Each structure stands twice: as structure tokens, then as C-alpha cells.
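Trainee: sequence and predicted structure are below.
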Amino acid sequence: MSYYFTIIGTKDNPLFESTFGTSKPGAGDGTARFRDEAAQMNQFIVHAALDLVEEVQWTTKDLYLKKVDTFQNNHIHAYITGGNVKFMLLMNADPSLTAYSNYASPPPSRASMAKQGGLLAANPTSPQTEEAVRGFMGEVYEAWLKCIMNPFYDVNSEVTSPVFRGRVSAAAKRYL
Amino acid sequence: MASPPTTTTTTQTLTITPLPPRKPFVPALRTPSNRKTIYDRNLNRTKTAETSLASFAYLFNTLISYHHALSPSVAELESRLNRAGYPIGLKLLDLLLYRQPPRSAARPTRLLDLLQFVHTTLWRALFNRSADALEQSTSKKEEYMIVDNEPVVNTYISIPKEMSQLNCAAFVAGVVEGVCDAAGFETEGVSAHWAGEGDEMWPGKTIFLLRFKESVLAREEAFKNAG
């Protein structure tokens, strides 16, 4: 159960990215278990989802846009800030099942379904998942606000603060 | 990568100099002695955290003198003040959305919402009162005007006769432009104009002219037709 979180600026440029796994007891130890190709594919999938975010953003006044896209078994949740900066969270229940080469996703085997019963990504549109991701995004939004209040931070530049990274990881441990 | 077939007899070699490798990021965070970073500060405004008008006026005066020394004309000075206010506007939009009461927190997605937001929330946050009027121009549909009877920033500024077109509220105009751009409603520009010529009560009346781009209006029309 792995996550890839990224912050995308107004020019579709990535400002921050972080990969982690779930820290819920019994389900994971906090490290991501993506395959090797996932490093490029995750970015590609997230960028493809940006089009959908831009469509949805004008229909709702909410900041949290819920699940916007699915690709094989990757689910993408999005949150948009007032300044048009997008927080995208990609979650993957079982990265070893994701076969990027062929489009048709293989049917999940019985054993792995039983293990994923309690995981968030197994049920991406359930209210608990949405609430958990909403809480996570809310915390990241607060940390992001403090980051941009820095007068030396130019909008659309990379976020390099280790404190910010620490805040994101702490929020991930709490909610995801 | 296969090289394309050359029709000329001489082969051309393409010299590609690779970019220098990025220097590894060395975190060099320096914190004050109580180990608090900006991430520990509160985002909501407290009573004691307000700035006095005197300190703002002092800083603003210095800003104007700095730009005045570098600009050859009045128009250049106004555009410099505008550029100075722009990044503030970009960041203010997020902060104000955060400080709104949670259930009514909403991004402005329509033009009218954005204008209302600028007229009340932004002005209240900056000057502790809402702006005085919001009008749409009758001649051009993409122009809107916000009227302020006495801009706080102009309190201690005196303009010499030869620069009488200068209105230092161009700084506030830059902030408004930043807010509009960040919200996704691009403007051609936001400018500040004197309007208090014949007015006895408010000689310092200023009109902020917001000119929105064609694409924004087209989008608004599309939304209205979609219902």
C-alpha cells in the first residue's frame, strides 16, 4: 500500500514530491513498495490526471476534489489551493499487481484481496478513504501556507525545506 | 539514438554538452536559538500581531524612494510599484481562504464571487474596512472598478506638482492583480487612478480599474450558458 504525493505548481511544474507507504499497524511499516518502473510511471500518471483536475476545478467551490482519476489500480486524489497549486496523491493498493505494459489490468487473486480488505486503497471512493485523504491534505495545506508566507519564497519555485518534508511525513503517518 | 541520414557528403557532428550535474542539496537550515521555524508560527492573526501604520508608512516611503531613484518616468514608477505588490497578492489569496470560517470557505470560481471577495474580504484584511463601491463599466464589459474613498497607503504620501498623475495606490493595485491572477482570472492589468478632483469630501478618492482578459469572459459566458 504505497503512496506518491506531489505538489504541482501553476505551470504544471512539480514543486515537491515524496513517496511513502502506509504506517497503519499491521498493514505496513511506512516504506513504499513500488516497482522500479514506477519512478517514471507515477509522474506520468499524475501529469495525465492534471487535465481532469482542471476540468473539475471550475465546477466546485471546494478545495478538496476527491478522487479524480484511476489508472489500472492507481487512484489519484487531488486538492487545489486558492492559488491554483495542486496537491496530488497517488495511491496503489498492491504495486506488484500493476502491469504498466499491458492496458488490461490482471484480476486480483483471492489471497491478495483478503489481505487488502482493511486498506484504504482497496476502496478508493469510500467515505473513510475520502475523509482520511481530506485530513492529510488539510495538514499539508497548513504547512504549505506557512511555506509560501516566507517572503523569500517565489511562487512556482521548488520547495526545499526539510521542515516541510518532515511535516508532510508526519501528516502521512497520522492519516494514511 | 540513431542519427538521421545525411544527404550531404560531409558528416556533421552534433556536439551536445551535457548539463552540469545538479549539486546535491545540503540542508543548511539555520534556526534561532529557540529552535522555532516559520512552520511553528500561527497562521491566524492575533491582536498583538497587527502592524502599526507608522511602520508601514516608513517602509512604504523607502520603497517609493528606491523605485523613484531607478525609474525615468512616472509610468515606470507606477509599474514598478505594481510589480512590487504582485507577489503579495499571489500569496494573500491562500491565506485569506484559510482564515475564513471553515464551512463557508470557498474558492471563487465565478467572476462575481471573485469581485465580491476582493471588495470585502481582501480590503478588510488589508485595511480593516471594506471598499466603498464596486462597479462595472458601461462601455466595456471586461472592465470593473473598485472605488476607495481614502486609500490608507496614501496617508503620508505627498505628490509634487510635476508628478501629479502618480498614485501610490498602484502598490495596492498590484496586490489586487496578484489575487485575481492566482484565482485563475487573468487580468490585462489593474491600475489606480485619481478620482477625487472635484470631490469636496474625498479629495483622495481612488478608482482601481480591473481589466480582465477575453478568455476569462469567454469562460464565464460558457458557464452561464451551461447553467
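Mentor: Thanks, I have the structure now.

Trainee: contacts and neighbour counts: CA atoms only from here.
Mentor: Fine.

Trainee: wait, a helix at A:Gly135?
Mentor: Yes - assigned with DSSP: H, G, I helix; E, B strand; the rest coil, A:Gly135 falls within a helix.

Trainee: return the residues in contact with it.
Mentor: A:Gly135 makes contact with A:Tyr175, according to Cα atoms under 8 Å, 6 or more residues apart in numbering or on different chains.

Trainee: for A:Leu15, see how far away it is.
Mentor: 21 Å (Cα to Cα, to the nearest Å).

Trainee: spell out which residues of chain A are next to chain B.
Mentor: A:58-63, A:81-84, A:143, A:145-150, A:154-155, A:161-164 (Cα under 8 Å from any Cα of the partner chain).

Trainee: now list the buried members of those.
Mentor: A:58, A:61-63, A:81-84, A:143, A:145-149, A:155, A:163-164 (16 or more other Cα atoms under 10 Å in any protein chain shown).

Trainee: those in strands, which ones?
Mentor: Among those, DSSP state E puts none in strands.

Trainee: tell me which of these fall in helices.
Mentor: A:Ala143, A:Leu145, A:Lys146, A:Cys147, A:Ile148, A:Val163, A:Phe164 (DSSP state H).

Trainee: for the last one, what are its contacts?
Mentor: It refers to A:Phe164. A:Ala143, A:Trp144, A:Cys147, B:Tyr39.

Trainee: now swap in the second one and tell me
Mentor: Contact criterion Cα under 8 Å, 6+ apart gives B:Asp94, B:Leu95 as the residues in contact with A:Leu145.

Trainee: can you map out the strands along the chain?
Mentor: As the question left the chain open, I've gone with chain A. Going by DSSP E, chain A shows strands at A:2-8, A:14-21, A:64-71, A:74-80, A:86-92.

Trainee: if you could check chain B rather than the one you did, that'd help
Mentor: B:133-136, B:143-148, B:187-194, B:206-212.

Trainee: can the third one be said to contact chain A?
Mentor: To tie it back to what came earlier, the one meant is strand B:187-194. No - judged by Cα under 8 Å from any Cα, strand B:187-194 stays clear of chain A, getting no closer than 14.9 Å.

Trainee: need the CA coordinates for that strand. CSV is fine.
Mentor: Output of strand B:187-194 as CSV, limited to C-alpha atoms (Å, rounded to 0.1, in the frame of the first residue of the first chain):
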residue,chain,number,x,y,z
THR,B,187,-6.1,40.5,-16.0
GLU,B,188,-4.6,42.8,-18.5
GLY,B,189,-3.7,45.0,-15.6
VAL,B,190,-5.0,46.7,-12.6
SER,B,191,-4.3,50.3,-12.3
ALA,B,192,-5.1,53.1,-9.8
HIS,B,193,-6.5,56.4,-10.8
TRP,B,194,-7.3,59.6,-9.0
